[in-house]
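# 3D, please:
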Amino acid sequence: MKEKLINNRKNLFFLFTIFHFTIVIFSTFLGGYSTAKEYFHERTVSKGDSLEPDLIQKTVRSFLNTPGITPYAIIAGIDAGYGFFAPNVASSYIIECAIKNRTGEIISRQYTPNLSTQEARNRYETLVSDFQERMKALEKADEKTLYTRYLDIVLKKIGQNIYDQSSVADKSNGTVTLYLYKYPNLNDYIAGNRKPVLISLVAFDIN
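This is a model prediction of the structure:
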């Protein structure tokens, strides 16, 4: 009986290992393949031309967007990529909670929840970097995946948490906004455009 239980555990562990590394391989392949495709596309076509996903990208994305796989990839850190490529500086994302009074006047702007430990702050920064996928969905305009819906829920929850923790008097409602904090690229910097700008991506009302 004990030997049978051990064998069952081994089999489950083996199946879990295959499942885990399958997701790792698919995620890594999709990231590398998409990056290479975008790079060669920019070198061979006019600027501003759209790049549609091909059959390979659609197939891999449909697998990774299967219910159950997306949350696992996020929790396990498999889907954590990098939003930069030298020599340009990576753009980052900022979440702003604008707290308003009864007349709709903004009385406070807050940007992070109350995080008591360094680990919490590191995890929060990692979470905010995941909104790279939200911007990609906005660029495609018509794409609304399970993952982007998940990101919208996370954004609302972060905004609600900041709002609830705020001790500002006379607060009535608020708005949580996801901003892209865009740094100038190398060409813009050389041309003299050296100030970063905030670009509003999505916003939701909270109360």
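
# Which strands or helices does the lengthiest helix in the chain pack on?
For the chain, the longest helix by residue count, based on DSSP state H, is helix 2-44. Judged by 3 or more Cβ pairs under 8 Å, 6 or more residues apart in numbering; DSSP states H and E, the packing partners of helix 2-44 are helix 55-64, helix 69-75. No exception for glycine: its C-beta is placed from N, CA and C like everyone else's.

# Give me whichever of those is most buried.
Counting by mean count of other Cβ atoms under 10 Å, helix 69-75 has the highest mean neighbour count of the helices and strands packed on helix 2-44, with a mean of 15.

# Would you mind measuring from Leu12 to Asn173?
49 Å (Cβ to Cβ, to the nearest Å).

# Equivalent analysis for Phe16, please.
Separation of Phe16 from Asn173 (Cβ to Cβ) stands at 45 Å.

# Same question for Ser167.
16 Å.

# can you check Val197 too?
Val197 is 27 Å from Asn173, by Cβ to Cβ.

# Going by how many neighbours each has, rank those two and give me the top one.
Asn173 (14 against 11; other Cβ atoms under 10 Å).

# Make sure that one is actually in contact with Phe204.
No: using Cβ atoms under 8 Å, Asn173 makes no contact with Phe204, being 11.3 Å away.

# in the protein, which helix or strand is least confident?
The weakest-scoring helix or strand in the chain, judged by mean pLDDT, DSSP states H and E, is helix 186-190 (a mean of 71).
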